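K.L.:
Got a predicted model here, sequence first, then my questions.
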Amino acid sequence: MESLACLHVCSRALKTGQQRVRSIVVTAMKDTSLLCNPVLHAMVIVAKLDSSFSLGVPGYSRETPSAAWEACVSRLPGEDALTLANRVFDSYFQKLGDDIDHHTIWSNEQYASEINTRTANCLGNDVSDPARGRANHHQFTLRWHETQQRIRSGGCNTKLVQVVRYRR
């Protein structure tokens, strides 16, 4: 309770105070169920502050352009590999915003690598069929590395790096 009182006093200071902090601290001081457990109480306060100050900050909100990209972590139940590849590509394209178009994204080695790495990881994280996931991950990674070697040696066009081509 002493810590809350100190936070309350500091948050009221005219030059250094913060209305949001004061509001959360005042609410916390009235929460008798959490006052019995100081560690949990501190965690709740920190979570509320984090949530409050992250609103509207790029990278923290669910509405950010990168939210769909960050959500691409596995192959969804019933999702075929081509749909997965398109979902990963579309979410990455959305994350980039207006900086690049559908045709030139593959000429950037970093972008292509991020898309292909995420696709491989999603293929490998197949919740419905883990054995299929391991096999698809292995096959995808193998074809990806073969294509990269062919590109480096001048044996094929960079457009072959497109993730969708691996799944056909």
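P.N.:
Noted; the coordinates are in hand.

K.L.:
switch to C-alpha atoms for all contacts and neighbour counts from now on
P.N.:
Will do.

K.L.:
okay, now T141: neighbour count?
P.N.:
Here the number of neighbours of T141 (other CA atoms under 10 Å) works out to 18.

K.L.:
now for the strand or helix carrying it, which elements pack on it?
P.N.:
In this assignment (DSSP states H and E), T141 forms part of helix 130-152. For helix 130-152, the elements it packs on are helix 109-124, helix 163-167, judged by 3 or more CA pairs under 8 Å, 6 or more residues apart in numbering; DSSP states H and E.

K.L.:
at 6 Å what do you get?
P.N.:
Under the contact criterion of 3 or more CA pairs under 6 Å, 6 or more residues apart in numbering; DSSP states H and E, helix 130-152 touches helix 109-124.

K.L.:
Could you list the buried residues of the helix it packs on?
P.N.:
Judged by neighbour count using 16 or more other CA atoms under 10 Å, the buried positions of helix 109-124 are 111-113, 115-124.

K.L.:
Would you reformat those residues as JSON lines and include pLDDT?
P.N.:
Below are those laid out as JSON lines (pLDDT from 0 to 100):
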{"residue": "Y111", "pLDDT": "88"}
{"residue": "A112", "pLDDT": "86"}
{"residue": "S113", "pLDDT": "88"}
{"residue": "I115", "pLDDT": "92"}
{"residue": "N116", "pLDDT": "91"}
{"residue": "T117", "pLDDT": "93"}
{"residue": "R118", "pLDDT": "94"}
{"residue": "T119", "pLDDT": "94"}
{"residue": "A120", "pLDDT": "95"}
{"residue": "N121", "pLDDT": "95"}
{"residue": "C122", "pLDDT": "95"}
{"residue": "L123", "pLDDT": "94"}
{"residue": "G124", "pLDDT": "95"}
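
K.L.:
TSV for those, including distance to E146?
P.N.:
Shown next, in TSV, are those (distance: CA to CA, whole Å):
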residue	distance to E146
Y111	18
A112	15
S113	14
I115	16
N116	13
T117	14
R118	18
T119	16
A120	14
N121	18
C122	20
L123	18
G124	19
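
K.L.:
From these, pick the one nearest N86.
P.N.:
In terms of CA to CA, no member of the buried residues of helix 109-124 lies closer to N86 than T119, at 9.3 Å.
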